[in-house]
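J.: Structure, please.
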Amino acid sequence: MDSVTEGASQGLTYRDAGVDLDAAAAAKVRIMELAKTTLGSSVLSAQGGFGGVIDPGANSDTLLVSSTDSVGTKLRVAQAMGKHDTIGIDIVNHCINDILPAGAKPLFFLDYIGLSNFDQSLLAEIMEGLSKACNDAGIALLGGETATLPGIYHGEDYDLVGFIVGTVQRDKLIKPEDTGEGDVLIGLPSSGLHTNGFSLVRKVFGIDEGPAALKDPFPGSELSLGDALLAPHRSYLSRLQDDSGAVRSEIKGLGHITGGGIFKNIPRVIAQGLAAEVDVRSWETPPLFKHIQRSGGIDDLEMFRVFNMGLGMVVVTSEEGAESLLNSIDGSWRIGRLVKQTGDERVIAHGL
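T.: Model prediction:
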């Protein structure tokens, strides 16, 4: 078909792997209702965006932007591979990418590690990745919590969560209402699955029951499947900053393509009344996603609902700004445009 909007799919799904995106969306509505009762006048942006924005005071030119997230079940792949030195990179870069859509420059990062027993070697590997990513971004790893919780975590189980705070000048805050009809959508490539969709991947390859599959060669590559899956989440900080460290002035919106793919994440950063027309034929789906799809018999729509499909960040800009960004950001390409919304759909994907 020429175009498709989000809807029902056939074949192996994320729900089959234990993750029901529709149920999660419904639960979040109630969570947002309760959270809204706590919001005061200092909160400029909260639920619905990627990062929360706080105004620390009427006389301040600087706003605070924060976000928190986890690595998810990518940790299961790391455990099966016995490789934990890149997991810290994943969570730092994921959190950085979640405050960039507000125009924020990261300031500091905190981590939480929960595990069943104190494992010095494991913690050293995790901290290696955390410190590398923080150094690369020029931010402080300010502190955190390491919790040994036998009975909550078992055996080699552990969890890794990150919390980040950044700043943005009041007059440079990026807001969905800044976007308009006719704006251009530019794509930036992902480095792989990043930190989403691993529950489905584990089901496709039977990793929990037979982790030896991770040692199998990845078709068309010298990497094993496990190494390909553990490719660190890419940070877009340096690609999107100007010389002062601020997000480039041509940028009117940024969508970090995480869980829910293009269908969930692009609408978060565009104005009400607009829809995104995205041509998924404008880029070649990376081999890893094709391998997952073939191995699991997953249909195209479900793949785009779950994974980033090689598209890690979407930039919204004017037609004039598009030329400048495309000429200066390596690997970027035009994926579509914003149009007036005429139905319920916020994303219209051509080529599925």
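J.: Tell me who's in contact with residue 54.
T.: By CB atoms under 8 Å, 6 or more residues apart in numbering, the residues touching residue 54 are 42-44, 63-66. From N, CA and C alone the C-beta is placed, and that goes for glycine too.
J.: Quickly list what it is bridged to.
T.: Per DSSP bridges, the residues bridged to residue 54 are residue 43, residue 64.
J.: quick revisit: among the contacts of residue 54, which one lies nearest to residue 330?
T.: Proximity of those to residue 330 (CB to CB) peaks at residue 65, which lies at 26.0 Å.
J.: burial of that closest one, as a residue count?
T.: 28 (other CB atoms under 10 Å).
J.: so what's it up against?
T.: Here residue 65 is in contact with 51-54, 99, 102, 104, 165-168 (criterion: CB under 8 Å, 6+ apart).
J.: Recalculate using a threshold of 6 Å.
T.: Shown in contact with residue 65 (CB atoms under 6 Å, 6 or more residues apart in numbering): 51, 53, 99, 102, 104, 166, 168.
J.: Then residue 76?
T.: Residue 76 neighbours (CB under 6 Å, 6+ apart): none.
J.: try it again with 8 Å
T.: Taking CB under 8 Å, 6+ apart as the test, what residue 76 contacts is 198, 202, 207-208.
J.: Repeat that for residue 272.
T.: Contacts of residue 272 (CB under 8 Å, 6+ apart): residue 176.
J.: so can I have JSON lines of the contacts of residue 65 showing distance to residue 232?
T.: Putting these into JSON lines (distance: CB to CB, whole Å) gives the following:
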{"residue": "51", "distance to residue 232": "21"}
{"residue": "53", "distance to residue 232": "27"}
{"residue": "99", "distance to residue 232": "18"}
{"residue": "102", "distance to residue 232": "23"}
{"residue": "104", "distance to residue 232": "21"}
{"residue": "166", "distance to residue 232": "20"}
{"residue": "168", "distance to residue 232": "25"}
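J.: The residues you listed in helices, which ones?
T.: Among the contacts of residue 65, the ones falling in helices (DSSP state H) are residue 99.
J.: Quick one, which of the contacts of residue 65 are buried?
T.: Buried subset of the contacts of residue 65 (neighbour count, 16 or more other CB atoms under 10 Å): 51, 53, 99, 102, 104, 166, 168.
J.: does the second one really touch residue 62, like I thought?
T.: No: under the criterion of CB atoms under 8 Å, residue 53 lies out of contact with residue 62, with a separation of 11.2 Å.
J.: which residues do these two both contact?
T.: Joint contacts of residue 53 and residue 62 (CB under 8 Å, 6+ apart) are residue 168.
J.: what's the neighbour count on residue 191?
T.: Neighbourhood size, residue 191 [other CB under 10 Å]: 15.
J.: ok, it to residue 231 distance?
T.: 5 Å (CB to CB, to the nearest Å).
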